[in-house]
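Student: Next come a sequence and a model predicted from it.
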Amino acid sequence: MNNTHEQTYILLINRYKFYVSTQKVSALSIQKIYFCNRLQKRKFFIYIYEKQHKRHMNNNEVTIYDIAKKLGISASTVSRALAGNKLIKKATVDRVRQCAEELGYRSNPFASNLRRGATNTIGVVVHRLDSPFVSSFLMGAEQTANAKGYNLMILQSFEDVEKEKANLKTLLDKRVDGIIAAITRNTNNVDHFKNVQSFNIPLVLFDRVSEKIDCQKVVINNYAAAAEVAQHLISQGCHNIVNATINTPISTYTERTKGFSDTLKKSKIQLRTIYMDNLDFESGQKLATELKQNMPDGVFCPNDISACGLIVGLQQIGIKVPEDVAVIGFNNSNVSQVITPNLTTIEYPAYELGVTAANSLLEAISLKGSNIINRTITLQHKLIIRKSSIHNK
């Protein structure tokens, strides 16, 4: 067989999926190619043995073969030297690295990772990057992943289910080794997440999770946290209490509503639930106007930023916080200590959540997808009492 082929198909194989390149390639001698069934069934074996190398006809990038030719050594020796193999003499390593620098050689970690069936990349899907909670979570996840040699590829769903589906497809196409995600507020059908698992890609859900998916989940006890908020408002003498939340099927918010409602019922206080459009500052301000006709004496908000918007909105219409209305948020983000009065809130350890989610995924990756790990890790929350809820003092 000739050493130069006018057209050779190169198959990059990873988890039974493949891409085909029809570039002209030099110096590949195909000793055996055997396809089992049709390509559509994704079951095949391919054996490619390199005989010698000439640079790809349409690519002028410096390769290890250029370094080997200049130094008069084998390409395998160059590869081991660049990788810092201890079996290669230091003098040879130094020569190889110096030559690589002179020729402008750049390593290709993506190709290297594909050959060993990994990319050292973790995909992360969040609803928005401008959330203080999400920012803290990503810091914990990224630092943990980086320490183990992994990088993050972060995508936003913007609370759009179709965008969420597209994000997961993108991450699969990019051959990530695992995925961490918080589902959108509108996600009910979770087949697109189950599809991820069908490719043996480990999946970890955090904060916003679904019981319809068997995977690792990292959360706090939202029921207990909301119950503590209700009990605190009751202790401050509140009796006309509003639970401000969003209309969603996901357990994060439904469990909070249940815990809040159950606790109020024990004190024979009827729950008022008002659904907000979004979880932002503006929605909190809008809520203040909606409450004007029947002003409560206590409000539990779904997060800190909407609670801050509510406080500002109430102040704008002449309502004092906490004298007239006690306000409590959720997450204990930095904004909770900037607003006046400082905001009572639930500390949701976002950074630790990121660390735990990343470690859980890395554990699953190390198992090579042999089994789906189905467990829920519950982190500790804490009620942080500040001036915004000291109603009767």
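Tutor: Now that the structure is in, tell me what you want to look at. Numbers count the residues shown, from 1 in each chain.

Student: To what extent is Ala350 buried, counted in neighbours?
Tutor: Taking other C-beta atoms under 10 Å as the criterion, the count of residues near Ala350 is 25. C-beta: built from backbone N, CA, C; applies to glycine.

Student: Now it: closest residue in space that isn't a chain neighbour?
Tutor: With C-beta to C-beta, 6 or more residues apart in numbering as the criterion, Ala350 has its nearest non-adjacent residue at 3.7 Å, and that residue is Ser136.

Student: and the gap between the one you found and Ile122?
Tutor: 17 Å (C-beta to C-beta, to the nearest Å).

Student: Domain map for the chain?
Tutor: 1-60, 62-117, 121-213+350-375, 222-349+383-389 (automatic domain parsing).

Student: possible to save those domains as JSON lines with mean pLDDT?
Tutor: Putting the domains of the chain into JSON lines (pLDDT from 0 to 100) gives the following:
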{"stretch": "domain 1-60", "mean pLDDT": "37"}
{"stretch": "domain 62-117", "mean pLDDT": "86"}
{"stretch": "domain 121-213+350-375", "mean pLDDT": "94"}
{"stretch": "domain 222-349+383-389", "mean pLDDT": "96"}
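
Student: higher neighbour count, Ser136 and Ile122?
Tutor: Ile122 (28 against 21).

Student: three-state assignment of the more buried one?
Tutor: Using DSSP: H, G, I helix; E, B strand; the rest coil, the structure places Ile122 in strand.

Student: Let me see the contact set for it.
Tutor: Going by C-beta atoms under 8 Å, 6 or more residues apart in numbering, Ile122 touches 141, 145, 150-153, 176-180, 358, 361.

Student: Tell me what it is bridged to.
Tutor: Using DSSP bridges, the bridge partners assigned to Ile122 are Leu152, Gly178.

Student: how close does it get to Phe281?
Tutor: Distance, Ile122 to Phe281, using C-beta to C-beta: 31 Å.

Student: what sits against the residue nearest to the spatial centre of the chain?
Tutor: For the chain, the residue nearest the mean C-alpha position is Val124 (2.6 Å; C-alpha atoms, centre = their mean). Going by C-beta under 8 Å, 6+ apart, Val124 touches Leu138, Ala141, Leu152, Met153, Ile154, Leu155, Ile179, Ile180, Ala181.

Student: Can you select the buried ones from these in ChimeraX?
Tutor: Restricted to buried positions by 16 or more other C-beta atoms under 10 Å, the ChimeraX selection for these reads:
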select :138,141,152,153,154,155,179,180,181
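
Student: For Glu61, state which of the contacts of Val124 is nearest.
Tutor: Nearest to Glu61, judged by C-beta to C-beta, of the contacts of Val124 is Met153 at 24.0 Å.

Student: Quick check: the gap between that closest one and Leu205.
Tutor: For Met153 relative to Leu205 (C-beta to C-beta), the value is 17 Å.

Student: Leu383 - that's part of a strand, no?
Tutor: Yes. Leu383: assigned to a strand according to three-state DSSP.

Student: Tell me what it is bridged to.
Tutor: Beta-bridge pairing of Leu383 under DSSP bridges involves Ile346.

Student: doesn't Ala230 make contact with it?
Tutor: No. Counting by C-beta atoms under 8 Å, Leu383 stays clear of Ala230, with 10.7 Å between them.

Student: Looking at those two, which is more packed in?
Tutor: Ala230 (27 against 16).

Student: what phi and what psi does the backbone show at that one?
Tutor: Per-residue torsions, Ala230: phi -60, psi -40 (degrees, to the nearest 10).

Student: same question, Val299
Tutor: Backbone torsions of Val299, given as degrees, to the nearest 10, read phi -140, psi 130.

Student: Quick check: nearest residue in space to it, chain neighbours excluded?
Tutor: Nearest residue to Val299 in three dimensions, chain neighbours excluded: Val242, at 4.7 Å (C-beta to C-beta, 6+ apart).

Student: That neighbour sits in which helix or strand?
Tutor: According to DSSP states H and E, Val242 maps onto strand 241-245.

Student: And the following helix or strand past that strand, what's buried?
Tutor: Following strand 241-245 in sequence order, the next helix or strand is helix 251-266 (DSSP H and E). Of the residues in helix 251-266, those buried by neighbour count under the rule 16+ other C-beta under 10 Å are Ser251, Thr252, Tyr253, Glu255, Arg256, Thr257, Gly259, Phe260, Ser261, Thr263, Leu264.

Student: One more: stretch 130-139?
Tutor: For stretch 130-139, a neighbour-count test (16+ other C-beta under 10 Å) marks Ser131, Pro132, Phe133, Val134, Ser135, Ser136, Phe137, Leu138 as buried.

Student: Which ones among those map onto strands?
Tutor: Among the buried residues of stretch 130-139, none falls in strands (DSSP state E).

Student: Determine how far stretch 290-307 lies from the middle of the whole chain.
Tutor: Between the centre of stretch 290-307 and the centre of its host chain there is 30 Å, according to C-alpha atoms, centre = their mean, to the nearest Å.
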